[in-house]
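A.B. asks: Pasting a predicted model and its sequence here:
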Amino acid sequence: MKYFSICVMALLLAAPSVSLAAPASDGSDTVSASVTYGDLNLSNRGDAARLLHRIDNAATDACGGWISDNPIDIAESRDSVQCHQAAVKGAVAQVGAPTVSALYDRKVALAANGQ
């Protein structure tokens, strides 16, 4: 199973960012992706959606995407999906913005209902 760590860090110009990290698919190194959001107003719904999109892309990069390089390897694909879901959930929690959290919760609820 892939493991990850998430931390929130400030850049030199106080531009907030979220950093996601996960082991490489071969388990040898850690792959990380950073998402900046200092240019976004997180109380604005559109900007909150932009941040969720950035986080989603970073989690995909860090976790190896939704499907493994070997589609026959179901366990690896499942691990990638679990890593992605946990990385996004953790990053949203680290950001701590109510609008971002509400949009994320809605997205999760829709996915759970097959929408």
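C.D. replies: In hand now; what should we look at?

A.B. asks: Distance check, the closest residue to residue 49 other than its chain neighbours against residue 64.
C.D. replies: In space, residue 49 comes closest to residue 103 once its chain neighbours are excluded; the distance is 6.0 Å by C-beta to C-beta, 6 or more residues apart in numbering. Yep, even glycine has a C-beta here, placed from its N, CA and C like the rest. In this structure, residue 103 lies at 25 Å from residue 64, with C-beta to C-beta, to the nearest Å as the measure.

A.B. asks: List the buried residues in the helix ranked longest in the chain.
C.D. replies: Among all segments of the chain classified by DSSP state H, the helix with the greatest residue count is helix 74-95. If you call a residue buried by 16 or more other C-beta atoms under 10 Å, then helix 74-95 has these buried ones: 76-77, 79-81, 83-84, 86-88, 90-92, 94-95.

A.B. asks: what's the closest of these to residue 33?
C.D. replies: Top of the list for closeness to residue 33, among the buried residues of helix 74-95 and by C-beta to C-beta, is residue 87 at 8.9 Å.

A.B. asks: Please verify my assumption that the closest one contacts residue 59.
C.D. replies: Yes - A contact is recorded between residue 87 and residue 59 when judged using C-beta atoms under 8 Å, the distance being 4.0 Å.

A.B. asks: List the contacts of the nearest residue to residue 107 once chain neighbours are set aside.
C.D. replies: The spatially closest residue to residue 107, leaving aside those adjacent along the chain, is residue 52, at 7.2 Å (C-beta to C-beta, 6+ apart). Residues in contact with residue 52, defined by C-beta atoms under 8 Å, 6 or more residues apart in numbering, are 88, 92, 100, 103, 104, 107.
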